[in-house]
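A.B. asks: take this sequence and fold it.
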Amino acid sequence: MHAEQERTMRADAAVFAAPLLAELDFGRDVITVMTACAHPGRHAAWLSALARESDFVIVDAPVTDAACLTTSLDRHRPTVLLLDAAVLDRLDPMSLRRIHQRCPEVRVLLVAEQASHRAAVDVLRNHFQGLLPATSAADLCLKAIRAVSRGELWLSRQLLAQVVTDPGWPFVPVDAVVPAEPERLQAMGSLTRRELQVVARLHRGSSNKEIARELGIMEDTVKKHLKSVFAKLGVRRRALVMLQASTAS
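C.D. replies: The predicted structure follows:
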């Protein structure tokens, strides 16, 4: 009977549950992770690293196209999706829109060859929750998954600043029409002198505390300026999580 149940579970959901220790680890919430990877070797490495963690349940559902990805997400409802940039390139805007509409609670961590400006744009434009270089160490990958599962944005301050200060960046959802150049310039032109000062320092990687010290203002004031900047430029509120978290001196 046990063997029959095991075969049924594998055929139905292809879910690899963590060891029994997961049931005893009351200190952490269980995180269901699904992978969509175009590289078999990388995919196997992800599964190997994830399987060792007691708080992870792995959904190993093969993803070959947009329809398959949408169906798998809708069926398994993972907490976090590890999305290979190569798979993202195969998805059209309509497919991404359907995924957001049908599975809005799924947090997407984009895995790209490197943490480039283009990859960061993909993260913000598609309303994903983070960017992870494919060469990242296993412990960093696990840390990123846990962070986005809590609703945090996993993206460096410097990359985020580069994107939001780029006049060519369309601050619109993936299914919307890209605004005309005058509209983008108007959005950038709406920033106050102080907001521009804050963003310029953010761009070079300064923490909120460092920005406050340089400008002679309170750290809470820096956070308020950043909220205003992202509201004017149309970046969703969750992008502020990482920005507000820094307390480094």
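
A.B. asks: okay, the helix or strand harbouring His225 in PDB with CA atoms only?
C.D. replies: With the criterion set as DSSP states H and E, the secondary-structure element containing His225 is helix 219-233. Once side chains and other backbone atoms are set aside, the C-alpha atoms of helix 219-233 remain, and they are given as PDB (Å, rounded to 0.1, in the frame of the first residue of the first chain):
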ATOM      1  CA  GLU A 219      16.600  58.800   8.300                       C
ATOM      2  CA  ASP A 220      12.800  58.700   8.400                       C
ATOM      3  CA  THR A 221      12.800  61.700   6.100                       C
ATOM      4  CA  VAL A 222      15.000  59.800   3.600                       C
ATOM      5  CA  LYS A 223      12.400  57.000   3.600                       C
ATOM      6  CA  LYS A 224       9.600  59.500   3.000                       C
ATOM      7  CA  HIS A 225      11.500  61.000   0.000                       C
ATOM      8  CA  LEU A 226      12.000  57.500  -1.400                       C
ATOM      9  CA  LYS A 227       8.400  56.600  -1.000                       C
ATOM     10  CA  SER A 228       7.500  59.800  -2.900                       C
ATOM     11  CA  VAL A 229      10.000  59.000  -5.600                       C
ATOM     12  CA  PHE A 230       8.700  55.500  -6.200                       C
ATOM     13  CA  ALA A 231       5.100  56.800  -6.100                       C
ATOM     14  CA  LYS A 232       5.800  59.400  -8.800                       C
ATOM     15  CA  LEU A 233       7.700  57.000 -11.000                       C
END
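
A.B. asks: any idea of the pLDDT on Leu159?
C.D. replies: Reading off the per-residue confidence, Leu159 sits at a pLDDT of 80.

A.B. asks: sorry, back to before: pull the distance from the helix holding His225 to the chain's centre.
C.D. replies: A distance of 21 Å separates the centroid of the chain from that of helix 219-233, by C-alpha atoms, centre = their mean, to the nearest Å.

A.B. asks: how near is the nearest residue to Phe56 once chain neighbours are set aside to Leu142?
C.D. replies: Across the structure, with C-beta to C-beta, 6 or more residues apart in numbering as the measure, the residue nearest Phe56 apart from its sequence neighbours is Leu50 (4.9 Å). Every C-beta, even on glycine, is put in place using the N, C-alpha and C of the backbone. Applying C-beta to C-beta, to the nearest Å, the value for Leu50 to Leu142 is 8 Å.

A.B. asks: so who does the closest residue to Ala66 other than its chain neighbours touch?
C.D. replies: With C-beta to C-beta, 6+ apart as the measure, Ser95 is the residue that lies nearest to Ala66, at 3.7 Å, once sequence neighbours are left out. When contacts are counted by C-beta atoms under 8 Å, 6 or more residues apart in numbering, Ser95 touches Ala66, Ala67, Leu69, Thr70.

A.B. asks: most neighbours among those, please name it.
C.D. replies: The member of those that has the most neighbours, counting by other C-beta atoms under 10 Å, is Leu69 with 26 neighbours.

A.B. asks: sec struct for that one, please.
C.D. replies: For Leu69, the assignment made with DSSP: H, G, I helix; E, B strand; the rest coil gives helix.
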